[in-house]
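Enquirer: A predicted structure for the sequence below; I have some questions about it.
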Amino acid sequence: MLLRIILILGLFVFLSSCSKNETLYEPTLKIDPYKTYNEGLKAFQENQYFLASKKFSESEINFTSPELAAKSAIMSSFAFYGINFYEEAEENLIRYLKTYPGDTYVMYAHYLLAIIYFEQIADEKNDLKPLLDAREKINFFLKKYPNSEYAIDLNLKKNLVQNQFAARELHIAKFYISVQKWVPAINRLKLIVNDYDETVFVEEALHRLVEIHYHVGLEDEAKKYASILGYNYNSGEWFEQSYKVLNKDYKMALSTKPKKEKKIFKKIIDMIK
């Protein structure tokens, strides 16, 4: 919520100097686009985002200046975003990027698209598409605009997206474990260990690999994953659980090498001023 308020206020200040709704409006000499745009700004400032989106769309159609039309288009998109009309905001932004590819606010449009996809991510049991869209758009932005002020925020969100992918893989692995499908469960857990090793779920994934291999009689494999778990996370609860799984006479080989630093799942802080 705080991020959204800052985004709204920031964009208002950013753009106040001066669609999908195409079928609703027709250009006419009777409409003053400057007046309509200012009406949109007033509605936007008063949090009447739906009215604002209509006014901005109308002013876009009637502006003869591409620069002012582009401003209207992105403001309409943000007004839709302000009331969680994600589909309308996304369509407007995609149209804006196709219609005004050289506009001043193209970078911001890409950023807002990434935010829209990110905010639609649900838990690991739900639709995968917003998660895939968020990862793709965030990676695109970070590659294209690595030094922008928005990259700091999206780098943090990228870590959260990675954690969500890992959570999804773990959820699926646990389902396979519950129905004793050991091979697909192991494959999902190995994916976490190999591809999401900086997430908070890698410890549990290693422990589950210990459990499964021990259960099916592959004790050497179980000990291998227990050693990895102990080497990196020997003070964690999952290491303790894995130790209990193994034979009491088995002594875990703990290295004296300092435990490697982990990237912990952090709360997003807004860096956009």
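Expert: Now that the structure is in, tell me what you want to look at.
Enquirer: ranges for the helices of the chain?
Expert: 2-15, 33-45, 49-62, 66-82, 86-99, 106-119, 129-144, 149-178, 182-195, 202-215, 219-233, 237-245 (DSSP state H).
Enquirer: report all helices and strands that the second one contacts.
Expert: The reference is to helix 33-45. Packing partners of helix 33-45 (3 or more CB pairs under 8 Å, 6 or more residues apart in numbering; DSSP states H and E): helix 2-15, helix 49-62, helix 66-82. (C-beta placed from N, C-alpha, C; glycine too.)
Enquirer: so where's this protein uncertain?
Expert: Applying pLDDT under 70 to the chain flags the ranges 1-30, 123-126, 247-273.
Enquirer: give me the distance between the most centrally placed residue in it and Tyr150.
Expert: Taking CA atoms, centre = their mean, the centroid of the chain lies closest to Phe118, which sits 3.4 Å from it. From Phe118 across to Tyr150, the span is 12 Å (CB to CB, to the nearest Å).
Enquirer: and for Asp103?
Expert: Shown here: Asp103 relative to Tyr150, a distance of 16 Å by CB to CB.
Enquirer: can you check Ile228 too?
Expert: Computed as CB to CB, the Ile228 to Tyr150 distance reads 37 Å.
Enquirer: same question, Phe78
Expert: Applying CB to CB, the value for Phe78 to Tyr150 is 14 Å.
Enquirer: Asn187 now?
Expert: 36 Å.
Enquirer: those two: which has the busier surroundings?
Expert: More neighbours surround Tyr150 than the other of Asn187 and Tyr150, with 19 against 14 (other CB atoms under 10 Å).
Enquirer: that one against Tyr111, yeah?
Expert: Yes - here Tyr150 reaches Tyr111: they are 4.5 Å apart, a contact under CB atoms under 8 Å.
Enquirer: nice, that's everything, thank you.
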